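Q: Need a 3D model of the sequence below.
(one chain, ligands or ions: 2)
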Amino acid sequence: MDTDLARTWVQAIAAAVEKHKDHLTQLDSAIGDADHGVNMHRGFSAATTALADYEADTPGSVLAKTGNTLISSVGGASGPLYGGAFRAIGKALDTPTADTRQFAAALAAGLASVQKLGAAAPGDKTMIDAYAPALATFQQQADAGADFAAAALAAADAAEKGMRTTTPMQARKGRASYLGARSIGHQDPGATSTALIFRALAETVVAR
Ligand code: ADP
Ligand code: MG
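A: Numbers count the residues shown, from 1 in each chain. Ligands and ions are numbered 1, 2, ... in the order given. Just a heads-up that it's a prediction; the model follows:
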């Protein structure tokens, strides 16, 4: 991971969010307030705009800028949660390049931020149910000596698998938890956007 790749990753997330905006909103209309697509689109559009004339010399500064922009531009729960995660990832990448192990540690800091702020655990039907398996997979790959692309691809697959496991879960955090058992049978919007974020990483790295 380097500064250019971080920029391209954020642009790829923005493109994926734009493409899947209506789907994210549909998912949020079933168990939330129908704004997740709008929130993500607003946040990542603002991030790409903010990065366009932002001079950065580390991937960390790109990702921290992204996090700050998400926090200041998104009103929903996902803004501070993703914003804090990108800030934490950025803070952990304060070097011109980061290898697979360093990036694994940064992703772990991002998840810790989400958990600190949102107090959700795996199984609560949130973005964590995609993020935690993606991180675990990325870490395993890094520990096994895999290259960045292989780790990112495996993590994207794990995020998508985790995303699908949210459907039968009953929500215990966020707006969906107000529905109680009626939240069962719907895929979580935030887990879905997390899967997009990891897929965008894999595609960005592979395309390079
Ligand atoms: P809001 O719920 O404020 O409308 P969004 O619709 O943008 O915000 O985001 C909803 C998503 O945020 C949920 O699908 C869930 O994945 C995630 N989320 C909500 N609360 C939490 C939490 N406490 N911890 C982790 N993720 C959460
Ligand atoms: Mg919502």
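Q: Leaving out chain neighbours, which residue sits closest to residue 54?
A: Nearest-residue entry for residue 54: residue 65, 5.6 Å, with adjacent residues in sequence omitted and distances by CB to CB, 6 or more residues apart in numbering. (Glycine included, C-beta is placed from N, CA and C.)
Q: Straight-line length of stretch 48-63, end to end?
A: Criterion CA to CA, to the nearest Å; first-to-last residue distance in stretch 48-63 is 11 Å.
Q: From the rest of the structure, what touches that stretch?
A: Outside stretch 48-63, the residues within contact range by CB atoms under 8 Å, 6 or more residues apart in numbering are 1-3, 5-7, 10-11, 14, 65-66, 69, 86-87, 89-98, 106.
Q: same thing with stretch 71-80?
A: 33, 35-36, 39-40, 42-43, 46-47, 70, 82-84, 87, 117-118, 127, 174-175, 190, 193.
Q: among those, which are within reach of ligand 1?
A: 33, 35, 36, 39, 118, 127, 174, 175, 190 (CB under 6 Å from any ligand atom).
Q: Once you drop chain neighbours, what's closest to the first one?
A: Take residue 33 and drop its neighbours on the chain: the residue closest to it by CB to CB, 6+ apart is residue 175, 6.0 Å away.
Q: if you count residues, which helix in this protein comes out on top?
A: What stands out as the longest helix in the chain, according to DSSP state H, is helix 3-31.
Q: in it, what's buried?
A: 3, 5-14, 16-17, 20-21, 23-28, 30-31 (16 or more other CB atoms under 10 Å).
Q: so where do the helices sit in the protein?
A: Under DSSP H, the chain gives helices at 3-31, 36-52, 59-73, 78-91, 100-118, 128-143, 148-165, 189-207.
Q: To what extent is residue 79 buried, counted in neighbours?
A: Residue 79: 20 surrounding residues under other CB atoms under 10 Å.
Q: Can you give me every residue that contacts residue 21?
A: Contacts of residue 21 by CB under 8 Å, 6+ apart are 37, 38, 40, 41.
Q: Report the separation between the spatially closest residue to the third one that is not a sequence neighbour and ligand 2.
A: In this case it means residue 40. In space, and not counting its chain neighbours, residue 40 is closest to residue 17: 4.5 Å by CB to CB, 6+ apart. Using CB to the ion, to the nearest Å, residue 17 is found at 14 Å from ligand 2.
Q: Touching, residue 17 and residue 192? I think so.
A: No: in this structure residue 17 lies outside contact range of residue 192 using CB atoms under 8 Å: 10.6 Å.
Q: Would you mind listing the residues touching both of those two?
A: With CB under 8 Å, 6+ apart as the test, residue 17 and residue 192 both reach residue 24.
Q: tell me the contacts of whatever residue of the chain ends up closest to ligand 1?
A: Nearest to ligand 1 in the chain, going by CB to the nearest ligand atom, is residue 190, at a distance of 1.9 Å. Contacts here follow CB under 8 Å, 6+ apart; on that basis residue 190 touches 36, 77, 78, 81, 126, 127, 130, 174.
Q: Relative to the centre of the protein, find the outermost residue for me.
A: Distance from the centre of the chain peaks at residue 181, with 26.1 Å (CA atoms, centre = their mean).
Q: Give me the spatial nearest neighbour of that one, chain neighbours excluded.
A: Nearest one to residue 181, counting by CB to CB, 6+ apart, is residue 170 at 5.8 Å.
Q: No further queries at this time; thank you.
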